[in-house]
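>>> Dropping a prediction and its sequence here:
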Amino acid sequence: MALSAHELATGDTRTEVIVEDLTRTQIVMYAGASGDYNPLHSDELFTREVAGYPTVFAHGMLTMGMTARVLTDWVGDARLTKYGVRFVNQVWPGDTLTTTAEVTDVRTEGDDHLADFSVTTVNQDGTAVITGTATARLDP
C-alpha cells in the first residue's frame, strides 16, 4: 500500500537496522547476484597485499540497495522517482548498519504529490557510510 501525501510532514523520520553483523557470505552472494566480481570484495590476499586494505569490504551498491529498502518500506514499492547516494566509508564484514531517512519536503508539482528525503546510513560506531537523497511519488 502506498503512502499518501497527507501522511507525511517535513521532519518525519524513520530509522531501521538494515543489516546486523554483515557476513562475507552476504558480500559474495551479492557479487554473484550483481555480476560484480571485483577482487576487493572477495579476495582477502589481493585486498590486503595489492590494494592495501585490512580485509575485503562490501560493494557500494549492496549498501546502497539495503539503504533504499528503508525508503521503499516507508513509501511503498515502485514509488521512488529519484535516488542518489555518496559512498563516504567502506562497509566491512561484521558491520551493523542503521539507516535514518528524513522527510525534507512534501510538495506538489502539477498533478504529482512528492516527498523529498535525506538518508544516512551509519555503522555500529556511528560513522556514516552512505549519505544521500531521494524523491518519492505519493498518493494524493
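Alright, I've got the coordinates. Residues are numbered from 1 along each chain as shown.
>>> What residues does residue 63 make contact with?
87, 91, 97, 121, 129, 130 (C-beta atoms under 8 Å, 6 or more residues apart in numbering). (Each C-beta comes from the backbone N, C-alpha and C, glycine too.)
>>> Just the ones of those in strands?
Mapping the contacts of residue 63 onto strands (DSSP state E) picks out 87, 97, 121, 129, 130.
>>> Most neighbours out of the residues you listed, which is it?
Per-residue neighbour counts (other C-beta atoms under 10 Å) across the ones in strands among the contacts of residue 63 peak at residue 121, which has 27 neighbours.
>>> Now for residue 75, how many residues are close by?
Neighbour tally, residue 75, other C-beta under 10 Å: 26.
>>> My guess is it contacts residue 4. True?
No: counting by C-beta atoms under 8 Å, residue 75 stays clear of residue 4, with 10.0 Å between them.
>>> on that earlier part again, with pLDDT and distance to residue 8 added, can I get the contacts of residue 63 in TSV?
Conversion of the contacts of residue 63 to TSV gives the following (pLDDT from 0 to 100; distance: C-beta to C-beta, whole Å):
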residue	pLDDT	distance to residue 8
87	98	27
91	98	29
97	98	24
121	98	21
129	98	26
130	98	22
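>>> May I have the host helix or strand of residue 74 as CSV, with CA atoms only?
Residue 74 belongs to helix 60-75 when assigned by DSSP states H and E. Extracted C-alpha coordinates of helix 60-75, given in CSV (Å, rounded to 0.1, in the frame of the first residue of the first chain):
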residue,chain,number,x,y,z
GLY,A,60,28.9,0.1,-2.5
MET,A,61,25.8,-0.9,-4.5
LEU,A,62,25.0,-3.6,-1.9
THR,A,63,24.9,-0.9,0.8
MET,A,64,23.0,1.4,-1.4
GLY,A,65,20.4,-1.2,-2.1
MET,A,66,20.0,-2.1,1.6
THR,A,67,19.7,1.6,2.4
ALA,A,68,16.9,2.1,-0.2
ARG,A,69,14.8,-0.6,1.5
VAL,A,70,14.1,1.9,4.3
LEU,A,71,12.6,4.3,1.8
THR,A,72,10.6,1.7,-0.1
ASP,A,73,9.3,0.1,3.2
TRP,A,74,8.1,3.6,4.1
VAL,A,75,6.6,5.0,0.9
